[in-house]
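Peer 1: Below are the sequence and a predicted model; questions follow.
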Amino acid sequence: MTSPPPDYDGIARAYRWLEYLTLGPLLQRTRTAHLSRLRTTRQALILGDGDGRFTAALLGANPAIQVEAVDASAAMLRLLHSRCLHNPRLLTVQTDARTFNPTCTPDLVGTHFFLDCLTQPEVDSLVARLTPTLAPDARWLVSDFQIPAGFMNLPARIYIRLLYLAFRLLTGTIPTSLPNHALALERAGFSLIAEQQYLFGILTSQLWQHE
Ligand SMILES: C[S@@+](CC[C@H](N)C(=O)[O-])C[C@H]1O[C@@H](n2cnc3c(N)ncnc32)[C@H](O)[C@@H]1O
């Protein structure tokens, strides 16, 4: 049986400030690292969109794009709408992204700090299920935490363990380890075409292209 999605309603308002207090501008830099490559994108599907800081930037950078934003949290979607000034090119859906079927044919999927809310089997099944519904030239943009090799390996493990613990306490269910989204995307026919890392490799922004 599928577990309920984590509950972000209680921390939706504080989310942005918690982020700034802990990592300053780094997460937003990670989300928007590839924004300049998205100016010709026609239809985006943003899963686990949160308070809409990436979506607002995307709508601003690309005047023709239509965005379908999915999140389980009503409070996050309210913040997203007001941040995007109720843009008519934005459609929001409050539902569980793990079972959601897009109402459009996206040529971009965006998952910023969302896949780490899922288990490995959930990421595998999400990517396998969504890929046939995407445009043939679709790209998938992923921002996430990762555990780098080298001297930052142990500090990153400890940091991410503490982060998961904090989010488990604040939002309820959340998996215990980072899923490997690269495996799922490669299996579905995506190739990594660009990557930008921050914070000694603990933060990654990756653009994947379907072939
Ligand atoms: C860590 S926050 C990231 C939010 C945003 N994408 C960002 O970059 O800050 C995770 C978001 O995913 C949403 N979420 C988590 N699991 C979900 C699910 N199964 N279905 C839909 N939304 C989900 C939460 O409500 C929350 O807004």
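Peer 2: Yes, it's here.

Peer 1: Identify all residues paired with the nearest residue to residue 46 once chain neighbours are set aside through a beta bridge.
Peer 2: Once flanking residues are discounted, residue 46 sits nearest to residue 110: 4.3 Å by C-beta to C-beta, 6 or more residues apart in numbering. The C-beta positions use only the backbone N, C-alpha and C, and glycine is treated the same way. Beta-bridge pairing for residue 110 (DSSP bridges): residue 46, residue 141.

Peer 1: quick one: residue 110 from residue 12, how far?
Peer 2: As defined by C-beta to C-beta, to the nearest Å, residue 110 lies at a distance of 19 Å from residue 12.

Peer 1: who has more neighbours, those two?
Peer 2: residue 110 (26 against 20; other C-beta atoms under 10 Å).

Peer 1: wait, what's in contact with the more buried one?
Peer 2: Residues near residue 110 by C-beta atoms under 8 Å, 6 or more residues apart in numbering: 44, 45, 46, 47, 49, 54, 55, 58, 140, 141.

Peer 1: Tell me which two of these sit farthest apart.
Peer 2: 55 and 140 (15.8 Å; C-beta to C-beta).

Peer 1: Please report how far residue 42 lies from residue 89.
Peer 2: Distance from residue 42 to residue 89, by C-beta to C-beta: 11 Å.

Peer 1: Quickly list what's touching both of those two.
Peer 2: 65, 66.

Peer 1: returning to what we had before: how close does the residue nearest to residue 46 sit to residue 162?
Peer 2: Per C-beta to C-beta, residue 110 is found 26 Å from residue 162.

Peer 1: Contact residues of the chain facing the ligand?
Peer 2: Residues of the chain lying near the ligand by C-beta under 6 Å from any ligand atom: 5-6, 8, 31, 48-50, 70-73, 76, 96-98, 112-114, 117.

Peer 1: Separate out the buried members of those.
Peer 2: For the residues of the chain next to the ligand, a burial check counting by 16 or more other C-beta atoms under 10 Å picks out 5-6, 8, 31, 48-50, 70-73, 76, 97-98, 112-114, 117.

Peer 1: Please flag which of those residues sit within strands.
Peer 2: 70, 71, 112 (DSSP state E).

Peer 1: can you give me the offset of the lowest-mean-pLDDT helix or strand in the chain from its chain's centre?
Peer 2: Every helix and strand of the chain was ranked by mean pLDDT, DSSP states H and E. The lowest is helix 153-171, at a mean of 88. Mean C-alpha position of helix 153-171 versus that of the full chain (C-alpha atoms, centre = their mean, to the nearest Å) differs by 18 Å.

Peer 1: swap in stretch 88-98?
Peer 2: Between the centre of stretch 88-98 and the centre of its chain there are 13 Å (C-alpha atoms, centre = their mean).

Peer 1: end-to-end on that stretch?
Peer 2: 25 Å (C-alpha to C-alpha, to the nearest Å).
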